[in-house]
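Peer 1: My questions are about this predicted structure, shown below with the sequence.
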Amino acid sequence: MLTIKNPKTFDWANMALSDCCEGNAADSYFTLKLFNLIEEKIKDLGMEKLLTKLIMPSLSTFAEMEFEGMQVSESKLDEVGRHLRVSNIEEEDNLYAFKQLVTSDNLSSNNDLIEILLPERVLSSCTLLIAQGKVPLRSLLQLLNYY
């Protein structure tokens with residue numbers, strides 16, 4: 001399998017054709033294995049239409065973007081980054097208004113999240129959903145506050 005330590009400094013132009021072919025073959029092989037793994041899940045979730053009508057037709061656009069690159073305004077990117085950092089800090093600060101949290105809780109820590117949620121025995125399955133990113137912590141805390 002083709003492994004490259006630093007693609008920015010690798011000499012792609014002088015790469016042996018056999019190495020290139022081997023790398024492409026490995027890429028194709030593992031892509032097919034991944035597809036076979038998720039194909040059934042896509043069907044089970046009823047997402048075939050989404051895949052065929054939206055995602056597949058957009059692949060050529062994404063491939064073109066990957067090949068050609070895209071122009072990005074560094075100043076706008078910095079501006080958006082600053083906005084998101086502030087917004088994320090504000091959202092996390094708002095979570096501390098819930099009685100289940102104290103200021104020493106680290107919401108980025110799975111261990112702290114378990115400590116926050118496990119005293120409520122009903123939440124053992126919810127803890128797993130939060131850890132998997134399927135349920136936002138804020139929604140769960142709002143639900144707990146309601147009851």
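Peer 2: Perfect, thanks for sending it. Keep in mind that this is a model prediction, so the values were computed, not measured.
Peer 1: so Phe98, which of the three states?
Peer 2: With DSSP: H, G, I helix; E, B strand; the rest coil as the basis, the three-state label of Phe98 is coil.
Peer 1: Can you report phi and psi for Ser73?
Peer 2: phi -80, psi 110 (degrees, to the nearest 10).
Peer 1: measure Ile42 to Asp27 for me?
Peer 2: Distance, Ile42 to Asp27, using C-beta to C-beta, to the nearest Å: 21 Å. Placement of C-beta: from N, CA and C, glycine included.
Peer 1: Likewise for Gly69?
Peer 2: Per C-beta to C-beta, Gly69 is found 21 Å from Asp27.
Peer 1: what domains does the record give for the protein?
Peer 2: 12-68, 77-146 (automatic domain parsing).
Peer 1: average pLDDT for the shortest one?
Peer 2: Averaged across domain 12-68, the pLDDT comes to 87.
Peer 1: For that domain, what is the distance to the chain centroid?
Peer 2: Between the centre of domain 12-68 and the centre of its host chain there is 18 Å, according to C-alpha atoms, centre = their mean, to the nearest Å.
Peer 1: Give me the distance between the two termini of it.
Peer 2: By C-alpha to C-alpha, to the nearest Å, the extent of domain 12-68 from end to end equals 17 Å.
Peer 1: all helices for this structure, in order.
Peer 2: Taking DSSP state H as the criterion, the chain contains helices spanning 17-44, 48-50, 56-68, 74-95, 110-117, 124-131, 137-146.
Peer 1: hmm, back to that, the more surrounded of Ile42 and Asp27?
Peer 2: Neighbour count, other C-beta atoms under 10 Å: between Ile42 and Asp27, Ile42 has more, with 15 against 12.
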